[in-house]
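dropping a prediction and its sequence here:
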Amino acid sequence: MGYTHYWKPQREFTPAEWTRITEVAKAMHAISGVPLAREYDEPKSLPILGTDGEIRLNGIGRDGHETFLILRKPDGGFAFCKTAHKPYDVMVTGVLAAIADIAPGALKISSDGTEEEWGDGLPLARAATEGEIAWPCVENLW
């Protein structure tokens, strides 16, 4: 069984929300020190942290799993990212938590993880936003 995070877009992010989300994602990357790439098998590629309306990141090599992708203008349906508890999970959970705070109602978020398992991502989001970020998950979303 995998360890997966799920989200269902409810609306587009406003330009102001997207700007803030990307600023926070960049700050989290700097704070976390977790090596990231766009895709786990492209170690020299840089993660996309807001450019062209997307956030796309993964761990590198064996520290990567499924690519995390958030679109400013969602293309429908729901999305998910199985991180398998790998180091980049801190960025995935941190970004999702920050989005829930910055853009309330934009995503419905669920996770196989408990609030305790988000224990590194929540403090990272709090440090990057300098705010009090709550666990954003809705139980039994799917």
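Looks like it came in fine. Numbering: from 1, shown residues only.

OK, contacts around residue 137?
109, 110, 111, 115, 118 (C-beta atoms under 8 Å, 6 or more residues apart in numbering). In this view, the C-beta of every residue, glycine as well, is placed from N, C-alpha and C.

for residue 65, what are phi and psi?
phi -150, psi -110 (degrees, to the nearest 10).

wait, it sits on residue 57?
No. Using C-beta atoms under 8 Å as the test, residue 65 is too far from residue 57 to be in contact (11.4 Å).

which neighbours do these two share?
In contact with both residue 65 and residue 57: residue 88, using C-beta under 8 Å, 6+ apart.

show me just the buried residues among the contacts of residue 137.
Taking 16 or more other C-beta atoms under 10 Å as the criterion, what is buried in these is 109, 110, 111, 118.

returning to that earlier point: format the contacts of residue 137 as TSV; extra columns: secondary structure, distance to residue 133 and pLDDT.
Shown next, in TSV, are the contacts of residue 137 (DSSP: H, G, I helix; E, B strand; the rest coil; distance: C-beta to C-beta, whole Å; pLDDT from 0 to 100):
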residue	secondary structure	distance to residue 133	pLDDT
109	strand	12	96
110	strand	17	95
111	strand	15	95
115	coil	12	91
118	helix	10	93
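
just give me the closest of those residues to residue 23.
Minimum distance to residue 23 across the contacts of residue 137 is 20.0 Å, recorded for residue 109 (C-beta to C-beta).

list the contacts of the nearest residue to residue 28 once chain neighbours are set aside.
Distances taken as C-beta to C-beta, 6 or more residues apart in numbering put residue 128 closest to residue 28, at 4.5 Å, once the chain neighbours are dropped. By C-beta under 8 Å, 6+ apart, the contact set of residue 128 is 24, 27, 28, 31, 94, 98.

for those, give me a markdown table that also has secondary structure, pLDDT and neighbour count.
Listed next are these as a markdown table, based on DSSP: H, G, I helix; E, B strand; the rest coil; pLDDT from 0 to 100; neighbours: other C-beta atoms under 10 Å:
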| residue | secondary structure | pLDDT | neighbour count |
| --- | --- | --- | --- |
| 24 | helix | 98 | 27 |
| 27 | helix | 98 | 19 |
| 28 | helix | 98 | 23 |
| 31 | helix | 97 | 15 |
| 94 | helix | 98 | 30 |
| 98 | helix | 98 | 27 |
